[in-house]
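Asks: this one's sequence-less:
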């Protein structure tokens, strides 16, 4: 018989994280612990209001399924008991973690993958004035970061992007508009980004308005984030997007994320790997997805004033897995 417990945590940020739909000063997560014969597996999720989630709703989902977890539900059965989302991710991650401890293996070994020594990733620039964003970009470049993910809303796009590129000419850039743009003017904005050497544009239009991208000729790849949660979404994305951003809190855990990555690649779509504001627990659960990902955006823990212990080793846009044995 297993035991399970779940509880919320709040992790203050060292700097406000600002995107098109609002600002945050802390990461609010929910942790699930599953114990079996003295072995404990731990998972973490971040409830996301954009997807109709809250701490209360996720805790209620976990409470409703706690009996099945105690009875020994496995990861495959779990996929049928809860919808894709934060609650399922926390349980799925805890079950993977439990299996790791029981078998004495890493996630890499469980998935028959060769572990990476280090992972290059994007460092996010949250929305601010053009001058402040340029200063942040310059600081990251001087620190050795090679890829920046620029958050934008519907204002001062040219000013912000030109300011950033002028001080960081050698840094690779990707842009995330978080659904804040309209189809009108999209072509000219895409051309501006391409002219500035931006490598990819993420979710410019609101989910549900993807039809505007059908047969849309664009000079840089466009990635679906809010428009892509699970394998079931892929049929509506082909011919509209070039890439999908996979996050465990959207797919409901690594189990669903691996299936989405495989299916997306089979459809000719590139894969980006992302995360919410979270601790290293959540990033560790996603590590197998870094293999074959075009872009990796796992900097959530770098925004925390203090990370979970033991945490991953983040430095200058790199996760040093060798340093922590991950």
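Replies: Everything's here; your move. These figures come from a predicted structure and were not determined experimentally.
Asks: report the buried residues of the lowest-mean-pLDDT helix or strand in the chain.
Replies: One helix or strand of the chain scores below all others by mean pLDDT, DSSP states H and E: helix 321-324, with a mean of 94. By 16 or more other Cβ atoms under 10 Å, the buried positions in helix 321-324 come out as residue 321. Any C-beta I mention is one placed from the backbone N, CA and C, and that applies to glycine too.
Asks: I would like the residues contacting it, please.
Replies: Applying Cβ atoms under 8 Å, 6 or more residues apart in numbering, the external contacts of helix 321-324 come out as 115-119, 287, 310-313.
Asks: how about 6 Å then?
Replies: Here helix 321-324 makes contact (Cβ atoms under 6 Å, 6 or more residues apart in numbering) with 116-117, 312-313.
Asks: list just the nearest of those residues to residue 126.
Replies: Proximity of the contacts of helix 321-324 to residue 126 (Cβ to Cβ) peaks at residue 312, which lies at 20.8 Å.
Asks: out of the contacts of helix 321-324, which end up buried?
Replies: If you count burial by 16+ other Cβ under 10 Å, the buried members of the contacts of helix 321-324 come out as 116, 312.
Asks: for residue 216, state which of the contacts of helix 321-324 is nearest.
Replies: Once Cβ to Cβ is applied, the member of the contacts of helix 321-324 that ends up nearest residue 216 is residue 116, at 34.9 Å.
Asks: spatially nearest residue to residue 35, not counting backbone neighbours?
Replies: Spatial nearest neighbour of residue 35, chain neighbours left out: residue 3 (4.7 Å); criterion: Cβ to Cβ, 6 or more residues apart in numbering.
Asks: that neighbour and residue 66: what is the separation?
Replies: As judged by Cβ to Cβ, to the nearest Å, residue 3 and residue 66 stand 10 Å apart.
Asks: ok, longest strand in the protein?
Replies: strand 3-19 (DSSP state E).
Asks: list the buried residues in it.
Replies: 4, 6, 11, 13, 17-19.
Asks: picking that back up, tell me the one among the contacts of helix 321-324 nearest to residue 217.
Replies: Closest approach to residue 217 among the contacts of helix 321-324 (Cβ to Cβ): residue 116, at 35.8 Å.
Asks: how about the nearest residue to that closest one, chain neighbours excluded?
Replies: Counting by Cβ to Cβ, 6+ apart, residue 321 is the residue found nearest to residue 116 once chain neighbours are left out, at 5.9 Å.
Asks: ok, residue 302 next?
Replies: Closest to residue 302 by Cβ to Cβ, 6+ apart is residue 314, at 5.0 Å.
Asks: what lies in contact with the longest strand of the chain?
Replies: 23-35, 55, 62, 66, 69-70, 126-127, 151, 178, 303-305.
Asks: do the same with stretch 123-134
Replies: 17-18, 136, 140, 145, 148-151, 153, 159-160, 163-164, 167, 299, 317.
Asks: swap the cut-off to 8 Å and go again
Replies: 15-20, 136-137, 140, 145, 147-153, 156, 159-160, 162-164, 166-168, 297, 299, 302-303, 317.
Asks: residue 269 reaches residue 239, doesn't it?
Replies: No - checked against Cβ atoms under 8 Å, the pair residue 269 and residue 239 is beyond contact range at 10.3 Å.
Asks: of those two, who's got more company?
Replies: residue 269 (23 against 14; other Cβ atoms under 10 Å).
Asks: OK, contacts around that one?
Replies: So residue 269 contacts 234, 237-238, 241-244 (Cβ under 8 Å, 6+ apart).
Asks: 7 Å instead?
Replies: Going by Cβ atoms under 7 Å, 6 or more residues apart in numbering, residue 269 touches 241-244.
Asks: dihedrals phi and psi, it?
Replies: Main-chain dihedrals, residue 269, degrees, to the nearest 10: phi -100, psi 140.
Asks: residue 250 versus that one, what's the distance?
Replies: 15 Å.
Asks: what do you get for residue 242?
Replies: With distances taken as Cβ to Cβ, residue 242 is found 18 Å from residue 250.
Asks: for residue 151, same thing?
Replies: Going from residue 151 to residue 250 by Cβ to Cβ gives 18 Å.
Asks: likewise residue 270?
Replies: Residue 270 sits 17 Å away from residue 250, going by Cβ to Cβ.
Asks: more neighbours, those two?
Replies: Just comparing residue 270 and residue 250: by other Cβ under 10 Å the higher neighbour count belongs to residue 250, 26 against 17.
Asks: now do the contacts for that one.
Replies: Contacts of residue 250 by Cβ under 7 Å, 6+ apart are 84, 229.
Asks: in which helix or strand does it reside?
Replies: Using DSSP states H and E, residue 250 sits in helix 248-251.
Asks: buried stuff in whichever helix or strand comes after that helix?
Replies: Per DSSP H and E, the first helix or strand lying C-terminal to helix 248-251 is helix 254-266. Buried residues in helix 254-266, counting neighbours by 16+ other Cβ under 10 Å, are found at 254-257, 260-261, 263-264.
Asks: now, which of those residues sits nearest residue 281?
Replies: Of all the buried residues of helix 254-266, residue 254 has the smallest distance to residue 281: 12.7 Å, by Cβ to Cβ.
Asks: appreciated, that's everything.
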